[in-house]
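**Student:** here is my input, please return the structure:
(2 chains)
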Amino acid sequence: MKTQYHQGSRDMTRRRAIVAASAMTLAVTAFGGTAATAQSYPEKPVTMVMPFSAGGTADTTGRVIAEGMSRALGQQFVVENRPGATGNISYTSVVNAPADGYEVLIGYSATTACSHALMSNLQWEIEDLKPLGMFSASPMLLAVHPSVPAESLSEFIEYARANPGKINYGSPGIGSLVHIMMESFKLKAGVDMFHIPYKGTGALMPDALSGVIQVAMSGPAAIVPNHESGKLRALAVTGTERYAPTPDIPTMAEEGVEGLDTESWYGLFVRSDTPQEIVDTLAAGLKTATEDPQVLERAETAGVPIRYLTPAEMGERVQKEVADCRETIEKAGITAQ
Amino acid sequence: MDLLANISLGLETALHPTNLMFCFFGVFLGTFIGVLPGIGSITAISMLMPLSFYLDPTAAVVMLAGVYYGAEYGGSTASILLNMPGTPSSAVTCLDGHPLAKQGRAGVALFMTTIASFAGGSFGILLLLFVGPALASVTLSFGPAEYFALMVLGLVAAAAIGNDAPAKGMAMVVFGLLLGTFGADVNSGVARFTFGSLYLYDGINLVVLAMGLFGVAEIIASIGASKHEVPDKVTFRSMVPRRDEARGFPFQALRGASIGSFFGTLPGTGLTMASFVSYAVEKRVSRNPSAFGTGVTAGVVAPEAANNAAAQTAFIPTLTLGVPGSATMALILGALLIHGIIPGPAMLANHPDTFWGLIMSFWVGNLLLLILNIPLIGLWVRLLRVPYHYLYPIILSLVFLGVYSLNNNVYDVGMLLVFGAIGYGMRLGGFSPAPLLIGFILGPMIEENFRRAMMLSRGDFGMLVSRPITGAILALSVLLLVWMLVSAMARRRAGVS
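**Tutor:** I've put the predicted structure just below:
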């Protein structure tokens, strides 16, 4: 069926319609056969498509959960990295793979929720994906270089208001989750800071540690070790409650900046026309994996926070974040492409 | 803890039988992968990553690191024998390595690169051991303005890297700069030359470009060619360099290792830049620069010492700051993180055995590579006796496999073929691919860092000259440029009279 993924979008729509129609015919004529296949699923190794390169937080998280899925469903779940275009290469390829449940997408919050507001030439839609459940979520931490005279977020906001446009903040790229959240923070806190984009968090860190940029926002993996050694000062976490490993760092809301509760999360998706039995099997497998003591132990060592949401809860979250993201991007005037 | 205690703790860890075994496995695989064109250390390390889940963290990282620096040993072998780089960082080794092989001196070239690799690697390790944590401050003193200045110096130094007409060389540098602009612009997010395709959103991949221009183009060019004249037996005697070559070696290796070590500590610059710049410097300081490109050993010694030194010092920002300088380093960082070892300032205090054990394992690994590679020289040279019509299809499949496995994306293979065709066309026109590659590497870094520096200074050009490091490097670039122009004019006048 559809294996190529670089046709024009009009062609795609037509193809999709044809495929949908033929899938329906198939389902009607060969109902028994489909059911039998679904019952024996998974009968061969399942590919878990990872939208980012090997080695990063996303990859580590994906591999931890793949191990749990393998144990839960008695079949190998193999992580395959298909990086590119901020994750959209993977999203496109999963949407165009056969709907047989053998390609499962490891979805990332920002790629899922913000891509459509940022890029115009995408060849996948939110409706093409069906959530199987969220398995990991971690807050973002806002940190400043020690040279910044602020011990708390409220002090920092005061300092930033006194120095409008003088403070530089770094992000791992135009339209990245950090860029969007920092712009949202600027709007909510009523401050003006200058955005310096980098190619990824790794490229940004030396300038954050040396104070070339005064403000950085990132996940716990990049910020917490530097906070502990005093090279950066973490002032607040996003999310509705404090981050368990750093109970001394307050949330944004506690410091008076309401509504910045976006986290960076990972969840599983399959093509939305995948047979329901297969969807249910995978969703149940994911739930089991997130409760597996070995998975929890490994996740704890690797510093990957496991948090489970049901497919329905995850679907709601995606809908809300798509709307939020579009709103912030429009308000802040972020454009990419 | 003093240094001696650290060394003995490190040696104890590195010589532990399990770690020693994984070190050997890593360097053996690395050197082998390095020899194969197209399959680089990143492919091998990604494939070994899942395995490292189940190993003791020190053993896992010792193995992965072994693959990484081992590949730099092997990388030059294919450059010398087949005119195809095993890794992009060995591309520049083709320039003099392959002519040496054509003169029947492949044994000498391979022997000298092995020794140079060992010298470069050891130099890097010594730096890591004695001043590693202190060198981290060098990394941090380089902001966007300093990076910009350094890249400009690199571009000026490398401008005459090819051996053909200067105009052709310049044209190729510009072509490389143009190819470097493909993809989403970091500073504005605007997609440039993507033709509406998501595939080009991240620009052109260095490995795809290097393998296309050097590897695939060489294979196309060799269709119909007969096999090399190969000596029946490679004796140890035939590997011995000439007296003048041996005399120059320590200086060449030292210059290469110093340049390589410097670039290694700067995240984002990479091994390829280290080897290209050291080749350019070697050509500049040589009394006989016109011999470069015809098969001088200095042209293989310096870059190989440089990329091996850089492979070691690249661990400085990774381990002491937690900042990976390249995609491969990010993988090694990931392997540590999975086991809850957080590289950075705290690693020395919390996991001294892993830190020092790893560093000492580098040295054990380099020794193993030295012992492993010298007997292999004879074997590799004999590889040339395999007729081209058997050898090249195998190599081409390996290149395809390696390039596909970078991103699991078939478009990379298509792109490889495009650059193979372009590379073949360039050969026919007498254009060297080496200046193109250096333009491609430096261009995006110059642009990105210049624009970032301008953003930080809010558009004030004064920032570029007022900062001491930046001002000094830019002044050096201007001096070098003036010197090049003056000497070119003097040569022309001498030619006329």
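**Student:** neighbours of B:Ile219, how many?
**Tutor:** As a burial measure, B:Ile219 scores 22 neighbours (other C-beta atoms under 10 Å in any protein chain shown). Using the backbone N, CA and C atoms, a C-beta is placed for each residue, glycine as well.
**Student:** in the helix or strand encompassing B:Ser8, which residues are buried?
**Tutor:** Assigned by DSSP states H and E, B:Ser8 falls within helix B:3-14. Going by neighbour count (16 or more other C-beta atoms under 10 Å in any protein chain shown), the buried part of helix B:3-14 is B:6, B:9-11, B:13-14.
**Student:** and it, what does it pack onto?
**Tutor:** helix B:17-35, helix B:106-141, helix B:352-383 (3 or more C-beta pairs under 8 Å, 6 or more residues apart in numbering or on different chains; DSSP states H and E).
**Student:** what sits against the closest residue to B:Phe400 other than its chain neighbours?
**Tutor:** Nearest residue to B:Phe400, sequence neighbours excluded (C-beta to C-beta, 6 or more residues apart in numbering or on different chains): B:Val413, at 5.6 Å. By C-beta atoms under 8 Å, 6 or more residues apart in numbering or on different chains, B:Val413 lies in contact with B:400, B:403-404.
**Student:** now rank those residues by neighbours and give me the top one.
**Tutor:** That'd be B:Val403 among the contacts of B:Val413, by other C-beta under 10 Å, with 28 neighbours.
**Student:** next structured bit after the host helix or strand of that residue?
**Tutor:** Per DSSP H and E: B:Val403 is located in helix B:388-407. Going down the chain from helix B:388-407, the next helix or strand is helix B:410-428, by DSSP H and E.
**Student:** how far does that next one sit from the chain's center?
**Tutor:** 21 Å (C-alpha atoms, centre = their mean, to the nearest Å).
**Student:** and it with helix B:388-407, angle?
**Tutor:** Relative orientation of helix B:410-428 and helix B:388-407, computed by axes from the mean of the first three to the mean of the last three C-alpha atoms, to 10 degrees: 130 degrees.
**Student:** how far is the next helix or strand after helix B:410-428 from where the chain is centred?
**Tutor:** Once helix B:410-428 ends, the next helix or strand along the chain (criterion: DSSP H and E) is helix B:433-456. Offset of helix B:433-456 from its chain centre (C-alpha atoms, centre = their mean): 17 Å.
**Student:** just stretch B:269-276 next, same as before
**Tutor:** With C-alpha atoms, centre = their mean, you get 5 Å for stretch B:269-276.
**Student:** which residues touch that stretch?
**Tutor:** Against stretch B:269-276 from outside (C-beta under 8 Å, 6+ apart): B:72, B:87-93, B:150, B:154, B:158, B:161, B:206, B:210, B:259-260, B:262-264, B:303-304, B:306-307, B:309-311, B:314, B:325-326, B:434, B:437-438, B:441-442, B:445.
**Student:** of these, buried ones?
**Tutor:** B:72, B:87-93, B:150, B:154, B:158, B:161, B:206, B:210, B:259-260, B:262-264, B:303-304, B:306-307, B:309-311, B:314, B:325-326, B:434, B:437-438, B:441-442, B:445.
**Student:** what sits closest to the closest residue to chain A within the stretch 351-497 of chain B if chain neighbours are left out?
**Tutor:** Proximity of the stretch 351-497 of chain B to chain A (C-beta to the nearest C-beta) peaks at B:Asn408, 4.9 Å away. Counting by C-beta to C-beta, 6+ apart, B:Asn408 lies nearest to A:Arg82, which is 4.9 Å off, once chain neighbours are set aside.
**Student:** how about the contacts made by that neighbour?
**Tutor:** A:49-51, A:89-90, A:93, B:407-409.
**Student:** all helices for chain A, in order.
**Tutor:** Secondary structure of chain A (DSSP state H): helices at A:9-29, A:31-40, A:57-73, A:88-95, A:109-118, A:153-162, A:177-189, A:201-210, A:220-228, A:276-291, A:293-302, A:311-332.
**Student:** closest to B:Gly189 out of the ones you listed?
**Tutor:** With C-beta to C-beta, the closest approach to B:Gly189 among the helices of chain A belongs to helix A:109-118: 7.9 Å.
**Student:** now the closest one: mean pLDDT?
**Tutor:** Averaging pLDDT along helix A:109-118 yields 93.
**Student:** tell me which strands and helices it is in contact with?
**Tutor:** Partner elements for helix A:109-118 (3+ C-beta pairs under 8 Å, 6+ apart): helix A:88-95, helix A:177-189, strand A:264-271, helix A:311-332.
**Student:** which residues are contacting the first one?
**Tutor:** Think helix A:88-95. Contact with helix A:88-95 is made by A:5, A:49-51, A:82-84, A:103-107, A:111-112, A:115, A:119, A:122-124, A:128-129, A:269-271, B:198-199, B:201, B:407, B:409, as judged by C-beta under 8 Å, 6+ apart.
**Student:** if we can go back for a sec, what angle separates the helix holding B:Val403 from helix A:88-95?
**Tutor:** Going by the same axes, to 10 degrees, helix B:388-407 makes 100 degrees with helix A:88-95.
**Student:** can you give me how far stretch A:189-207 is from the chain middle?
**Tutor:** 19 Å.
**Student:** then stretch B:239-257?
**Tutor:** On C-alpha atoms, centre = their mean, the centre of stretch B:239-257 falls 20 Å from that of its chain.
**Student:** identify each buried residue in it, please.
**Tutor:** Neighbour-count burial for stretch B:239-257 [16+ other C-beta under 10 Å]: B:239, B:241, B:245, B:248-249, B:252-257.
**Student:** for stretch B:360-373, give me every contacting residue.
**Tutor:** Stretch B:360-373 has contacts (C-beta under 8 Å, 6+ apart) with B:7, B:10-11, B:13-15, B:19-20, B:23-24, B:26-28, B:31, B:62, B:65-66, B:69-70, B:73-74, B:110, B:114-115, B:117-118, B:121-122, B:125, B:128, B:312, B:315.
**Student:** let's see 6 Å
**Tutor:** The contact list for stretch B:360-373 (C-beta atoms under 6 Å, 6 or more residues apart in numbering or on different chains) reads B:10-11, B:14, B:23-24, B:27, B:62, B:66, B:73, B:114, B:118, B:121, B:125, B:312.
**Student:** do stretch A:287-296 as well
**Tutor:** Against stretch A:287-296 from outside (C-beta under 6 Å, 6+ apart): A:65, A:68-69, A:72, A:135, A:306, A:308.
**Student:** stretch B:205-212 too?
**Tutor:** B:38, B:88, B:91, B:399, B:403, B:406, B:412, B:415-416, B:419-420, B:423.
**Student:** out of those residues, which are close to chain A?
**Tutor:** For chain A, no contacts are drawn from the contacts of stretch B:205-212 by C-beta under 6 Å from any C-beta of the partner chain.
**Student:** burial measure for residue 195, as a count.
**Tutor:** By default, I'm working from chain A. For A:His195, using other C-beta under 10 Å, the count is 20.
**Student:** please go with chain B instead
**Tutor:** 8.
**Student:** then B:Val131?
**Tutor:** 13.
**Student:** now do B:Ser290
**Tutor:** When neighbours are counted by other C-beta under 10 Å, B:Ser290 registers 9.
**Student:** and whichever residue of the stretch 101-250 of chain B sits closest to chain A, helix, strand or coil?
**Tutor:** Among all residues of the stretch 101-250 of chain B, B:Gly189 sits closest to chain A, at 3.1 Å; criterion: C-beta to the nearest C-beta. The three-state assignment at B:Gly189 reads coil, by DSSP: H, G, I helix; E, B strand; the rest coil.
**Student:** that one and B:Pro444: what is the separation?
**Tutor:** 15 Å (C-beta to C-beta, to the nearest Å).
**Student:** get me the contact residues on the stretch 101-250 of chain A for chain B.
**Tutor:** Close to chain B, as judged by C-beta under 6 Å from any C-beta, the stretch 101-250 of chain A has residues A:121, A:174-175, A:196-197, A:199, A:202, A:205-206, A:209-210, A:212, A:225, A:229.
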